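Participant: got a predicted structure plus its sequence, pasted below:
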Amino acid sequence: MVKESAQQVAISSVLLAASVAWADGVVQLNEKNKLIEMAKREQELDPNFPFDKVTTWLSKPPSEQEVDAALAVLSQDSKSSEYIVRAQSIAEAHGSLGINAIIGSGIIAFLPVWLVFSLVPGIITGITVATSLKLYSSTNFKGISSEEETVLNWLSESLNEEGYDLQSRIKNSNWKNKIETLRTVMDERSMASRQEKWVPPKDTKPVQCPQYPERMPPSVTDIADSEYQEFRSKIVKRYMQALIGETWSSLEVAHNLPQSLDDELLNDIYWNSPFSRFLTSEFTDNDLTIFQTFFEQKSSEDILYKIDHSHLKDQKTYPGVYIASVIGLFRLIDEGLQVVSISINDKSFTPNQGESWERARLFLLQGSSLSLVGGVHASLHFPTDSVIAITRQYIPENNPIAKIIEAHSYLQLPLNYGVRWSPRSYAHNSPREIYTAFPGPREDVFHGFMTYYEGIEGNSAYPNYQFPLSPPEFPGPYCKALKQYYDVILEFCRTVANQSDLNNLVQWADELNALVPGFPSGKEITDSEILARVLTGYIHSVSVWHYLEHTLYSRLPVHHNPHRIRVEPPTGNDLKTEWWQRTRHTDLFRQEIARRMFYESHTV
């Protein structure tokens with residue numbers, strides 16, 4: 001009897017996994033492999049496991065009756081059965097989520113936890129993550145919704161009951177703390193007020209940002225409905241899949257002990273990651289004053305670079321969150337970089353200053369992370385929107401120039417429109433969303449975009465945006481890779497330019513010259529080399545550089561580039577703190593789920 005019950009639980013679990021795999025109408029190869037792997041694992045434990053049933057589900061989905069029966073098996077405990085039924089009925093009453101959606105969202109998270117721990121934690125996780133779907137899809141709420149409260153209360157109660165016999169596993173996995181983190185994020189969400197919705201004027205031509213005219217790249221607001229719907233089906237769907245399927249694993253990351261951050265790791269990050277694009281060897285008079293001692297000791301062979309995020313001094317933060325004007329000083333060595341000093345609010349710190357140095361390192365990494373995703377990375381998004389829109393209007397679609405532009409424009413316009421104008425955008429940083437993690441209001445997020453678009457006169461760390469007619473130039477392997485791609489693309493674009501009728505591009509270039517800083521005029525575009533570099537700059541920015549930046553940045557652990565820091569900037573006599581005091585689990589969770597939704601690279 002016990003063996004029969006165990007087999008029922010096993011086959012029911014695989015059945016629900018198969019049901020999820022069929023959610024989009026087809027079972028992908030990796031999903032098939034996973035189902036077979038699960039079935040083989042069960043067969044090893046029980047030679048009588050009905051493997052043939054699993055192979056049947058690879059060709060057609062389980063029926064609703066089979067799904068209901070599987071749920072019944074997995075919820076034989078009266079407490080879990082009661083709450084599963086309640087969660088289902090609440091979801092169905094809301095209309096937008098039925099039983100299949102609840103199952104689908106929950107099982108995505110259920111599987112890995114079940115495989116690592118056991119069945120009951122998997123069920124708990126599944127219901128928790130299913131609830132997160134309501135977080136995303138609900139737009140009219142005043143507090144924590146009834147289904148959220150139901151599930152969270154049950155989770156907390158369940159952890160204190162002896163019937164589950166999971167005390168050792170709970171202790172090892174820090175289960176209850178993760179649930180409290182999720183509850184805190186929900187509380188933050190319920191207490192947040194709505195932001196005013198920014199609505200741009202709709203026009204066939206790119207328009208200026210009403211909030212910050214001339215300070216942001218023009219925005220394309222007239223987007224075909226078909227393109228927008230495809231964006232929703234491809235991109236927004238993936239966002240939702242990440243939110244639904246990776247909530248619990250993101251909580252795991254937020255609670256995991258991070259790799260120790262030392263100077264060697266810091267040097268490696270600034271040499272090998274996209275943060276290397278901030279390196280510059282030109283110093284302001286203020287820099288020379290702050291780091292005077294080091295410049296006086298500098299030998300003729302030494303090459304020094306700085307990482308400058310001093311613009312952050314002008315940005316506001318939420319209560320209890322800190323940022324700082326920060327500048328890092330590095331020396332070039334054979335292996336890459338060696339950190340020399342870090343200035344926080346114009347006061348320099350060195351590696352022998354204990355807690356103050358540890359905080360200085362963290363504030364430098366925070367500054368680079370904010371300056372990348374809330375600053376220079378926008379240059380790979382917004383300015384080229386105008387190129388796409390004007391090309392579609394002025395160049396026939398069968399023209400080779402138009403074909404090149406169009407080939408590298410897939411879903412860019414609706415994506416960038418969403419980033420700039422949707423109140424649920426990560427850039428708008430509404431605390432009502434569980435995936436927003438910037439340290440302050442959206443106005444200060446956009447301040448970062450504007451700073452890097454306009455530049456800061458007299459500071460080489462802040463050049464103003466210019467349409468790229470040459471490869472990027474900064475030290476490190478990241479730039480080297482970008483240059484190698486650039487050279488290959490340029491050769492191809494020279495061939496295209498040499499075969500093009502340049503006189504037909506004059507009006508196109510003049511239109512873009514007025515919209516995009518540094519874009520050649522109609523007179524200049526009649527030079528085939530200029531046209532080749534325009535095409536190369538466009539392709540390289542939107543496809544190569546954009547992809548590499550997302551890929552490499554997403555590999556940085558959120559613990560090592562936190563958007564929110566919860567201790568004050570160093571002063572020189574700072575009390576010792578631990579990593580979990582410098583950041584909060586809620587902040588790290590928000591940033592981790594955002595990393596998975598928005599920064600990881602995915603093929604569409």
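Facilitator: Structure's in. What do you need? Computed from a predicted model, the values in this text were never measured in an experiment.

Participant: can I get the longest helix anywhere in the chain in CSV, CA atoms only?
Facilitator: The helix spanning the most residues in the chain, taking DSSP state H as the definition, is helix 477-498. Output of helix 477-498 as CSV, limited to C-alpha atoms (Å, rounded to 0.1, in the frame of the first residue of the first chain):
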residue,chain,number,x,y,z
PRO,A,477,39.1,42.6,-23.4
TYR,A,478,35.5,43.8,-23.6
CYS,A,479,36.4,46.6,-26.0
LYS,A,480,38.8,44.4,-27.9
ALA,A,481,36.0,42.0,-28.7
LEU,A,482,33.7,44.9,-29.7
LYS,A,483,36.4,46.2,-32.1
GLN,A,484,36.9,42.8,-33.7
TYR,A,485,33.2,42.6,-34.5
TYR,A,486,33.2,46.2,-35.8
ASP,A,487,36.0,45.5,-38.3
VAL,A,488,34.1,42.6,-39.8
ILE,A,489,30.8,44.5,-40.1
LEU,A,490,32.6,47.5,-41.6
GLU,A,491,34.0,45.4,-44.5
PHE,A,492,30.5,44.1,-45.3
CYS,A,493,28.9,47.6,-45.1
ARG,A,494,31.6,49.0,-47.4
THR,A,495,30.5,46.5,-50.0
VAL,A,496,26.9,47.6,-49.6
ALA,A,497,27.7,51.3,-49.7
ASN,A,498,29.8,51.0,-52.8
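
Participant: ok, residues contacting that helix?
Facilitator: With contact meaning C-beta atoms under 8 Å, 6 or more residues apart in numbering, helix 477-498 is reached by 271-274, 276-277, 400-401, 404, 471-473, 528-529, 531-533, 535-536, 539-540, 544-545, 548, 552. C-beta: built from backbone N, CA, C; applies to glycine.

Participant: give me the buried subset of the residues you listed.
Facilitator: 271-274, 276-277, 401, 404, 471, 528, 531-533, 535-536, 539-540, 544-545, 548, 552 (16 or more other C-beta atoms under 10 Å).

Participant: from the chain's centre, how far out does stretch 195-211 sit?
Facilitator: Taking C-alpha atoms, centre = their mean, to the nearest Å, one finds the center of stretch 195-211 at 24 Å from the center of the full chain.

Participant: and that stretch, end to end?
Facilitator: Start to finish, the residues bounding stretch 195-211 are 14 Å apart (C-alpha to C-alpha, to the nearest Å).

Participant: now do the buried residues in that stretch.
Facilitator: Buried residues in stretch 195-211, counting neighbours by 16+ other C-beta under 10 Å, are found at 195, 198, 200, 206-209.

Participant: could you dump those into a markdown table with pLDDT, secondary structure and distance to L515 added?
Facilitator: As requested, the buried residues of stretch 195-211 are exported to a markdown table (pLDDT from 0 to 100; DSSP: H, G, I helix; E, B strand; the rest coil; distance: C-beta to C-beta, whole Å):
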| residue | pLDDT | secondary structure | distance to L515 |
| --- | --- | --- | --- |
| Q195 | 88 | coil | 28 |
| W198 | 92 | coil | 20 |
| P200 | 92 | coil | 15 |
| P206 | 97 | coil | 6 |
| V207 | 96 | strand | 10 |
| Q208 | 93 | coil | 10 |
| C209 | 89 | coil | 13 |
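
Participant: and which of the residues you listed is nearest to V387?
Facilitator: Nearest to V387 among those: P206, at 9.6 Å, using C-beta to C-beta.

Participant: so what's the backbone phi/psi at the closest one?
Facilitator: phi -60, psi 140 (degrees, to the nearest 10).

Participant: any idea how far it lies from F330?
Facilitator: Separation of P206 from F330 (C-beta to C-beta, to the nearest Å) stands at 39 Å.

Participant: got the contact list for the residue lying closest to I327 once chain neighbours are set aside?
Facilitator: The shortest distance from I327 to any residue other than its chain neighbours is 4.3 Å, reached at S343 (C-beta to C-beta, 6 or more residues apart in numbering). Contacts for S343 (C-beta under 8 Å, 6+ apart) come out as 290-291, 325-329, 349.

Participant: mind checking pLDDT for S343?
Facilitator: At S343, the pLDDT value in this model is 98.

Participant: beta-bridge partners for it, please?
Facilitator: S343 has these beta-bridge partners by DSSP bridges: I327, S348.

Participant: the residue nearest to S276 when sequence neighbours are not counted: neighbouring residues, count only.
Facilitator: Nearest residue to S276, sequence neighbours excluded (C-beta to C-beta, 6+ apart): G476, at 3.7 Å. G476 is flanked by 21 other residues according to other C-beta atoms under 10 Å.

Participant: check contacts around G476.
Facilitator: 271-272, 276, 279, 336.

Participant: mind listing which of those are in strands?
Facilitator: Under the assignment DSSP state E, the contacts of G476 contribute G336 to strands.

Participant: now, which of the contacts of G476 sits nearest S369?
Facilitator: S276 (13.6 Å).

Participant: got the buried residues for the longest helix of the chain?
Facilitator: Using 16+ other C-beta under 10 Å as the test for burial, helix 477-498 gives 478-479, 482, 485-486, 489-490, 493-494, 496-497.

Participant: tell me the buried residues in the very next helix or strand once past that helix?
Facilitator: Note on helix 477-498: by DSSP states H and E, the next helix or strand toward the C-terminus is helix 506-515. The neighbour-count check on helix 506-515 (16+ other C-beta under 10 Å) flags 506, 508-513, 515 as buried.

Participant: just stretch 341-348 next, same as before
Facilitator: Buried-residue list, stretch 341-348, by 16+ other C-beta under 10 Å: 341-344, 348.

Participant: also stretch 181-199?
Facilitator: Buried residues in stretch 181-199, counting neighbours by 16+ other C-beta under 10 Å, are found at 181-183, 185-186, 188-189, 195, 198.

Participant: what does stretch 299-312 give?
Facilitator: Neighbour counts over stretch 299-312 (16+ other C-beta under 10 Å) mark 304-312 as buried.

Participant: need those residues in CSV with secondary structure and distance to P557, can you?
Facilitator: Output for the buried residues of stretch 299-312, formatted as CSV (DSSP: H, G, I helix; E, B strand; the rest coil; distance: C-beta to C-beta, whole Å):
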residue, secondary structure, distance to P557
L304, strand, 28
Y305, strand, 24
K306, strand, 24
I307, strand, 19
D308, strand, 24
H309, strand, 20
S310, helix, 26
H311, helix, 25
L312, helix, 21
